[in-house]
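**Student:** A structural model of the following input is requested.
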Amino acid sequence: MGKCDQFHSLLNDFYTLTLADGCYAQFGSDTVVYYDVFFRRIPDNGGFAIMAGLEQLVNYINNISYSEDELDFLKNSGISEKFVEYLRNFKFTGDIWAVPEGTPIFPGEPVVTLKGSPAELQLIETAVLQFINHQSLIATKANRIVRAAAGHGVIGAGARRSHGEDGARLGARAAYIGGCNGTSYAGSAMEFGIPPFDSMNHSWVQLFDNELDAFCAYAKRFPEKCVLLVDTYDTLRSGIPNAIEAFNRELVPNGYRPYAIRIDSGDLAYISRKARKMLDEAGFPDCEIIATNSLDEYIIRDMIMQGAKVDTYEVGERLITSASSPLFDGVYKLAAVEKDGNIVPKINISENVTKITTPGFKKVYRLFDRDTGKAIADLITLADEVIDENEPYELFDPDYTWKSKKISNFVASPLLKKIFDKGEVCYKCPSLPEIRDYCEAQMYTLWEEVLRFENPHKYYVDLSRKLWNEKQSIIEQMRSK
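**Tutor:** Sure, this is the predicted structure:
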């Protein structure tokens with residue numbers, strides 16, 4: 001895990017601090033409540049999202065520590081002295097369950113469930129949403145871009161246009177989970193062990209009297225992984241011919257082979273085809289072609305359809321900001337209160353029906369076809385329900401209940417894993433390469449119809465009959481008051 005000092009302890013909307021203060025005064029530390037984190041819409045109208053950000057969330061919660069300056073600020077800002085003293089020795093004491101990073105996730109289902117005192121769960125609300133929302137957004141976008149690249153390499157870039165240092169640092173981590181091969185951001189490469197990518201820029205070329213001298217100097221200085229940027233002046237007339245000449249002068253005589261050329265402007269599909277032919281004829285079929293310049297999944301897909309000869313796509317601002325869909329709308333909602341050992345479900349009823357929450361302490365299962373290994377649907381149940389895999393199970397649409405399907409020969413896999421147990425971490429976060437490999441493997445559990453970019457098939461997230469009945473009963477009770 002990363003170092004705790006990378007995080008400010010006051011990762012809070014201020015109202016969460018005042019509400020935590022109020023909850024501590026009203027309920028103390030003995031009352032137990034349950035919260036769910038879920039999201040409502042898939043970015044880019046896709047078929048699924050990718051869970052990410054859990055390791056940073058675990059690290060933050062496990063290491064919250066308030067400095068005297070922070071405590072003085074809170075006291076001077078109206079937080080009670082009693083609650084400030086509570087924070088002085090704060091340690092999370094609750095339980096947390098979460099979906100592992102790299103897992104495909106869908107709207108409406110809990111991806112994090114938290115159990116604890118009202119005060120401590122109010123206190124960590126902003127941080128929970130910040131880590132999960134941001135990294136899940138970027139991992140989802142990266143996964144779309146990687147799938148569009150259809151087996152070609154994808155490098156995550158765009159740090160200079162990211163939304164701040166954390167946007168670049170954690171965005172690169174999330175992009176790697178989503179399937180990127182490496183990052184151009186040195187800080188993330190060092191911290192997370194992501195393979196770094198580098199090449200020259202236009203200013204290097206402009207510093208020299210001519211392009212060939214620039215290429216020769218670069219190839220001489222970096223012979224082992226020489227990547228030349230060929231579009232500073234004229235890609236086909238001078239850039240590629242000069243790159244070939246530099247390779248022949250500085251690399252080949254010294255036993256090296258060129259790594260790649262990079263094209264950053266123009267009709268990338270057309271130029272890459274011409275470049276491939278020129279490199280092959282010059283005896284460099286092993287020299288890769290890297291394309292950059294405001295790429296996204298749609299441009300990459302079109303380039304491949306047009307016969308582009310690109311080996312690696314370096315994707316910048318449209319990935320690191322998820323420019324086409326820059327919001328992951330994860331929310332944090334009270335689901336239940338424990339009274340006298342009984343769990344009392346709580347619901348939020350809204351005029352907007354999409355904002356009506358699902359009450360209670362719950363589990364989430366992913367149901368897989370035993371023969372194909374493909375995911376059939378996700379099923380949300382009450383925490384005390386057990387799914388018998390040996391018996392047929394009837395799924396039904398929670399909105400259109402007349403739509404039902406009986407399944408058999410399935411595996412019911414729980415999605416939520418125990419992360420904290422009574423305040424102690426009980427989950428070993430996988431390594432980043434392990435998460436990336438797991439995410440890639442999970443794509444094979446989804447049907448092609450769910451993977452489509454346009455009008456993907458709706459993957460069903462259903463409620464158990466027991467949970468659905470309880471939800472409807474509570475809604476009727478609330479309406480009758």
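
**Student:** care to break the chain down by domain?
**Tutor:** What automatic domain parsing lists as the domains of the chain is 4-138+326-480, 198-309.

**Student:** got the buried residues for stretch 43-59?
**Tutor:** 43-44, 46-59 (16 or more other CB atoms under 10 Å). Where you see a C-beta, it was placed from the backbone N, CA and C, and this is true even at glycine.

**Student:** would you format the domains of the chain as CSV with distance to Leu319 included?
**Tutor:** Listed next are these as CSV, based on distance: least, CB to CB, whole Å:
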stretch, distance to Leu319
domain 4-138+326-480, 7
domain 198-309, 7
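
**Student:** for Glu191, find the nearest of those.
**Tutor:** domain 4-138+326-480 (8.5 Å; CB to CB).

**Student:** mind checking what secondary structure Phe420 has?
**Tutor:** Under DSSP: H, G, I helix; E, B strand; the rest coil, the three-state class of Phe420 is strand.

**Student:** Tyr365 now?
**Tutor:** When classified by three-state DSSP, Tyr365 comes out as strand.

**Student:** what count of nearby residues applies to it?
**Tutor:** Neighbours of Tyr365 under the rule other CB atoms under 10 Å: 23.

**Student:** hey, what's it bridged with?
**Tutor:** Beta-bridge pairing of Tyr365 under DSSP bridges involves Leu379, Pro414.

**Student:** can you give me the distance of it to Leu467?
**Tutor:** According to CB to CB, to the nearest Å, Tyr365 and Leu467 sit 12 Å apart.

**Student:** again with Thr292
**Tutor:** Taking CB to CB as the measure, Thr292 falls 49 Å from Leu467.

**Student:** one more: Ser294?
**Tutor:** Taking CB to CB, one finds Ser294 at 45 Å from Leu467.

**Student:** nearest the geometric middle of this protein, what residue?
**Tutor:** Central residue check for the chain by CA atoms, centre = their mean: the C-alpha nearest the mean position is that of Ser136, 2.6 Å away.

**Student:** contact partners for that one?
**Tutor:** If you count contacts by CB atoms under 8 Å, 6 or more residues apart in numbering, Ser136 has them with Phe39, Ala49, Ile50, Met51, Ala52, Gly53, Ile105, Ala174, Phe328, Gly330.

**Student:** what is the burial count for the last one?
**Tutor:** Okay, so that is Gly330. Gly330: 23 neighbours (other CB under 10 Å).

**Student:** quick one on the thing from earlier: can you list residues touching both of Tyr365 and Leu467?
**Tutor:** Residues touching both Tyr365 and Leu467 (CB under 8 Å, 6+ apart) are Ile380, Thr381.

**Student:** quick revisit: mind checking which of the domains of the chain is nearest Arg318?
**Tutor:** domain 198-309 (4.3 Å).

**Student:** so how far is that closest one off the chain centroid?
**Tutor:** Offset of domain 198-309 from its chain centre (CA atoms, centre = their mean, to the nearest Å): 32 Å.

**Student:** so what pLDDT did Lys3 get?
**Tutor:** Predicted confidence (pLDDT) for Lys3: 39.

**Student:** all strands of the stretch 51-200 of the chain, in order?
**Tutor:** Under the criterion DSSP state E, counting those that start in this stretch, the stretch 51-200 of the chain contains strands at 95-98, 104-105, 112-116, 153-156, 182-183.
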